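# The sequence isn't on hand, but the structure is:
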């Protein structure tokens, strides 16, 4: 049997060479299939980026069906633009079919991406739809949630105060007292 200290010393000498070999193996695909797979991933990423850009252009041009198709492709990819594409898809639904159809799309974005970043943007836009639809309880609930988000805190609190829904201050509260 090989002496353990000698084995450890031999492993330590070979370790840098092993690391270099592993790095080289990663840098150069071992098989044609691996090379093709890496190339197809680059093409797929490029196609997803193109679909996102095309979706934005279609949205801006009012080509909503095409925009939804493009955004769906990006969302399905799960890549770095998936969250933004999901929000734009909800905006597309709103532009195409109105708030009553869009609230479910905004809710899906919030469910998938949470209440930070894109999810908070979706919550704010969903709250606006609920306000337009007269769904005050849902509107208020979303704004209360957004008041805990640093990005939307001041805007949400201001809207709640203006409506008289928070505390005893704000234009809405003063107007409500006058009416009483």
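Ah, there it is. Keep in mind it's a predicted model, so treat the numbers as computed, not measured. Residues are numbered from 1 along each chain as shown.
# Roughly how far does residue 44 sit from residue 114?
26 Å (C-beta to C-beta, to the nearest Å). From N, CA and C alone the C-beta is placed, and that goes for glycine too.
# Break down the chain into its helices, ranges please.
Assigned by DSSP state H, the chain shows helices spanning 4-27, 32-61, 64-77, 82-97, 99-113, 118-133, 136-146, 153-163, 171-179.
# Just the mean pLDDT for the fifth one, thanks.
In this case it means helix 99-113. Averaging pLDDT along helix 99-113 yields 97.
# Can you name the residues in contact with that helix?
Applying C-beta atoms under 8 Å, 6 or more residues apart in numbering, the external contacts of helix 99-113 come out as 83, 86-87, 89-91, 93-94, 118-119, 122-123, 125-126, 128-130, 132-133, 138.
# make it 7 Å
Residues outside helix 99-113 that contact it (C-beta atoms under 7 Å, 6 or more residues apart in numbering) are 83, 86-87, 89-90, 93-94, 118-119, 122-123, 125-126, 129-130, 132-133.
# which of those count as buried?
83, 86-87, 89-90, 93-94, 118-119, 122-123, 125-126, 129-130 (16 or more other C-beta atoms under 10 Å).
# nearest to residue 144, of those residues?
Of all the buried ones among the contacts of helix 99-113, residue 144 sits closest to residue 123, with 10.5 Å by C-beta to C-beta.
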